[in-house]
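Enquirer: let me see the structure of the following:
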Amino acid sequence: MGEIQVLMTVPFPEAMLDRLRAVSPRLSLHTHPARRAEDLPAHLLPEVEILYTLSALPLPAQAPRLRWVQFHYAGIDHALDHPLVQAGVTVTTMSGAAVPQMAEFAWMAILALGRHLPGMLRDQANHHWDEDRFRRFRPVELRGSTVGIVGYGSIGREVGRLARAFGANVLAVKRDLMHLEDDGYRLDGTGDPDATQVDRLYPPQAVGSMAEQCDFLVVTVPLTPETRDMIGPEVFKRMKATAYLIDISRGEVVDQAALIDALREQRLAGAALDVYPVEPLPEDSPLWEMPNVLLSPHVAGASGAYFERATAVFAENLRRYLADQPLLNRFDPRRGY
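Expert: Have a look, this model is predicted:
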């Protein structure tokens, strides 16, 4: 049983690298920060069997012994067409590692929009207290409201669990309605592993039917050919004029032009966006000036605990790899995630 060469291109704290080394004496870890393929260490690639990476991927001929790639993030739409992925190398993602912060971000947005926080902050900046404040700031109470979740994966399930705590009704769109269990990485006490917290599940083609019932529509699906522009003109036409959209997925899942039209025509009460088709959001985008829109710079997944969780996922997958057991969060090319 020889050594297994592991290349890590993301700079982990030394204490967490020690936790990975402790999985087995067979693992030989090499750390070499790299964000681009050309930054990868050419002298190591021929012997590497496991690659942990953010986005840098070698060509198959450069790494002939490579058997498994573990990505640092959950979303790997940027890599789907890479020859290495197409060649059938085992690929796993970090699905589940960002669940708490992503769900909390979604609920920050729901509370801020439902309580008209943008308008309150404008009044504060203007040193002005509107006499009509009770009408202007009448909230959408969460108890008894309906929260729709587009994508009932690890993040969507935690959004749903928290919705229950607020007394909201929970609807969700899920790709595969025949398999309801969550078999990926999950932090203890989070999520909805058996889909028992949701009132009704819908297939993707019925997203409009679900959206028309919602006070808040939270988008958490990965970007695939099927989800690109999934939330478009037809969905916005069916949504309530009092409803809010929260997008923490990928920028091309929501048709931004259709969203801007719906906001301008007051067919939608507001939106909170963390992702955009073009990032950074162009300075001339009308979204910057819209009073009922919250914008954030793709930071919903940021957390000081992320490396801790990423270490836990990778360590468990290393253990499974050595034991020839199924890996967590294995990428399925048929689904695109």
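Enquirer: quick one: the strands in this protein?
Expert: Using DSSP state E, the strands of the chain run over 4-8, 27-31, 50-53, 68-71, 90-92, 146-150, 169-173, 200-202, 216-219, 244-247, 270-273, 293-295.
Enquirer: pipe these into JSON lines and attach mean pLDDT, distance to residue 189 and mean neighbour count per row.
Expert: C-beta coordinates here come from the backbone N, C-alpha and C atoms, glycine included. Converted to JSON lines, these look like this (pLDDT from 0 to 100; distance: least, C-beta to C-beta, whole Å; neighbours: other C-beta atoms under 10 Å):
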{"stretch": "strand 4-8", "mean pLDDT": "98", "distance to residue 189": "29", "mean neighbour count": "22"}
{"stretch": "strand 27-31", "mean pLDDT": "97", "distance to residue 189": "30", "mean neighbour count": "16"}
{"stretch": "strand 50-53", "mean pLDDT": "98", "distance to residue 189": "27", "mean neighbour count": "24"}
{"stretch": "strand 68-71", "mean pLDDT": "98", "distance to residue 189": "25", "mean neighbour count": "24"}
{"stretch": "strand 90-92", "mean pLDDT": "97", "distance to residue 189": "23", "mean neighbour count": "20"}
{"stretch": "strand 146-150", "mean pLDDT": "98", "distance to residue 189": "19", "mean neighbour count": "26"}
{"stretch": "strand 169-173", "mean pLDDT": "98", "distance to residue 189": "18", "mean neighbour count": "24"}
{"stretch": "strand 200-202", "mean pLDDT": "98", "distance to residue 189": "22", "mean neighbour count": "16"}
{"stretch": "strand 216-219", "mean pLDDT": "98", "distance to residue 189": "20", "mean neighbour count": "28"}
{"stretch": "strand 244-247", "mean pLDDT": "98", "distance to residue 189": "23", "mean neighbour count": "27"}
{"stretch": "strand 270-273", "mean pLDDT": "98", "distance to residue 189": "26", "mean neighbour count": "24"}
{"stretch": "strand 293-295", "mean pLDDT": "98", "distance to residue 189": "28", "mean neighbour count": "18"}
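Enquirer: roughly how far apart are the nearest residue to residue 203 once chain neighbours are set aside and residue 184?
Expert: In space, and not counting its chain neighbours, residue 203 is closest to residue 177: 6.0 Å by C-beta to C-beta, 6 or more residues apart in numbering. Noted for residue 177: a distance of 17 Å to residue 184, by C-beta to C-beta, to the nearest Å.
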